[in-house]
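>>> below are the sequence and a predicted model; questions follow.
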Amino acid sequence: MAGGGLADFKGTGMAFYDGLFEALGLEDWCGGDASSAPLSMADLLAQNSGDEATGPIFPFPSLDNLNESCAAVSQTRDLTKGIEDSFLAAKPALQTVLDPVTQPLSWLLDGALWTFNAIPWWIMIPLLVVVSWYASRSKGVTIFVAVSILLMAFVDHYDVAMQTLSIIFVCTSISVLIGVPVGIAMSKSDRLQRAIVPVLDLLQTLPTFVYLIPLIFLFSVTESKLYGIAIILYAIVPVIRLTDLGIRLVDQDVVEAANAFGMTSRQKLTGVELPLALPNIMAGVNQTIMMSLAMVVIASLVSAPGLGVNVLRGIRNLELGVGIVAGIGIVLLAVILDRVSKAALSRVDMTNMKH
């Protein structure tokens, strides 16, 4: 076994990098001694069994492999620790800025949770049915909403269903209030669109659990804004994209006609572009609602109340029945929100066709 830069129990392939560092004259920079980093699991097993750990003759020059031959090269875990230390160092400044800005979100979520649970069922259920009828004007959808809510109440899942619904209501409303103006601004500026689209791509492709990691470090798990921010970031993308798309797809002949009538930019936006783009915007709202519901279930890992808590309980405690019933409740809630929003979208399309 080669000496100097080689560890006692490393793969045979590491000798290649020993020779490489020696050929480049980097022995002094490397320190001349083998890395003092803890041995890998394979090396420890080989040491305990009395055998030498083996590996490929030419292993990939990763940080860990190079570190075994040269202690001056950092390990991968040094990189990850550096990222964590940098984030923790910036944490006080981030909290100073973000805490007062995001605190109203906690108040809204807590207030909505209290309101939805405080209203008696004999008021809330008829109210939801009336809202469903007003939005959809469909007897089938309205009957389905009533039956589904009564079914969840019958199996004692009414309270948790209302908690989930209250979170979706707040987060979807905020997503629409922020997303629609951002989408309008993107549609008016190609430069702004080019700047925002990569951010939207990042938000849309990040795994759902990744949203929670930095937020757990920034906020207490007991604060509602922790899961509220995660839900909004995850769900806001469709309404921004489809608002931008809808306005850009408005027939330019119609816009030119509005210009001929002497309309201002504000008048064109409110009187021409937004009404014609409304079907696309409503489609974005539908997708935002569905993505909010999906994230609410994931956010139960960080104290978000609702049906997701029962799903998590079923997984943790291997309570099959609890998990299945809660899962069916989530499906019913998803179908309710989807059917009502799509029926409302169909009404918007029909109205536009008449005009």
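Here it is on my side, so go on. Numbers count the residues shown, from 1 in each chain.

>>> so which residues make contact with stretch 239-249?
175-176, 179-180, 182-184, 186-188, 193, 196, 200, 273-274, 276-281, 283-285, 287-288 (C-beta atoms under 8 Å, 6 or more residues apart in numbering). Every residue, glycine included, has its C-beta placed from N, CA and C.

>>> now the residues you listed: which count as buried?
Burial by neighbour count, 16 or more other C-beta atoms under 10 Å: within the contacts of stretch 239-249 this picks out 175-176, 179-180, 182-184, 186-187, 193, 196, 200, 273-274, 276-281, 283-285, 287-288.

>>> next step: the residues you listed restricted to helices.
Among these, DSSP state H puts 175-176, 179-180, 182-184, 186-187, 193, 196, 200, 274, 276-281, 283-285, 287-288 in helices.

>>> what is the least confident helix or strand in the chain?
In the chain, no helix or strand scores lower on mean pLDDT, DSSP states H and E than helix 41-49, which sits at a mean of 59.

>>> which other helices and strands contact the helix or strand following that helix?
For helix 41-49, the following helix or strand on the C-terminal side (DSSP states H and E) is helix 63-69. Other elements packing on helix 63-69 under the criterion 3 or more C-beta pairs under 8 Å, 6 or more residues apart in numbering; DSSP states H and E are helix 14-23, helix 76-118.

>>> what stretches of the stretch 251-355 of the chain score poorly on pLDDT?
Residue ranges of the stretch 251-355 of the chain with pLDDT under 70: 351-355.

>>> do a quick rundown of the helices in it.
For the stretch 251-355 of the chain, applying DSSP state H, counting those that start in this stretch gives helices covering 252-260, 265-268, 274-298, 307-316, 320-354.

>>> dump these into CSV; add distance to residue 73 as well.
Output for those, formatted as CSV (distance: least, C-beta to C-beta, whole Å):
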stretch, distance to residue 73
helix 252-260, 59
helix 265-268, 58
helix 274-298, 38
helix 307-316, 41
helix 320-354, 47
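
>>> list the buried residues for stretch 118-138?
The neighbour-count check on stretch 118-138 (16+ other C-beta under 10 Å) flags 124, 125, 128, 129, 132, 133, 135, 136, 138 as buried.

>>> just the helices and strands packed on helix 63-69: most buried one?
helix 14-23 (a mean of 18; mean count of other C-beta atoms under 10 Å).

>>> show me how far it is from its chain's centre.
Put simply, helix 14-23 sits 45 Å off its chain's centre (C-alpha atoms, centre = their mean, to the nearest Å).

>>> who does it touch, helix- and strand-wise?
Applying 3+ C-beta pairs under 8 Å, 6+ apart, we find helix 14-23 packed against helix 63-69.

>>> tell me the mean pLDDT for the helix it packs on?
Averaged across helix 63-69, the pLDDT comes to 80.

>>> what do you get for stretch 134-141?
Rounded mean pLDDT across stretch 134-141 is 90.

>>> output it as CSV, nothing but the C-alphas.
Output in CSV follows, covering the C-alpha atoms of stretch 134-141 (Å, rounded to 0.1, in the frame of the first residue of the first chain):
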residue,chain,number,x,y,z
TYR,A,134,-73.6,30.8,-6.5
ALA,A,135,-70.2,29.9,-8.1
SER,A,136,-71.3,27.0,-10.2
ARG,A,137,-75.0,27.3,-10.8
SER,A,138,-75.0,23.6,-11.2
LYS,A,139,-77.5,21.4,-9.3
GLY,A,140,-75.2,18.3,-9.6
VAL,A,141,-72.1,20.1,-8.2
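
>>> what residues does that stretch touch?
Contacts of stretch 134-141 (C-beta under 8 Å, 6+ apart): 132, 142, 339, 340, 341, 343, 344, 347.

>>> so which bits of the helix or strand harbouring the second one are buried?
Here residue 142 sits within helix 139-154, counting by DSSP H and E. When neighbours are counted by 16+ other C-beta under 10 Å, the buried residues of helix 139-154 are found to be 141, 142, 144, 145, 146, 148, 149, 152, 153.

>>> quick one: distance of it to the chain centre.
Offset of helix 139-154 from its chain centre (C-alpha atoms, centre = their mean): 29 Å.

>>> quick check: angle from that helix to helix 307-316?
Using axes from the mean of the first three to the mean of the last three C-alpha atoms, to 10 degrees, the direction of helix 139-154 lies 50 degrees away from that of helix 307-316.

>>> when you give positions from now on, start the count at 560
Let's use 560 as the start, then, which means that last one is helix 698-713.

>>> now do helix 698-713 against helix 879-913, angle only.
Using the same axes, to 10 degrees: helix 698-713 against helix 879-913 is 160 degrees.
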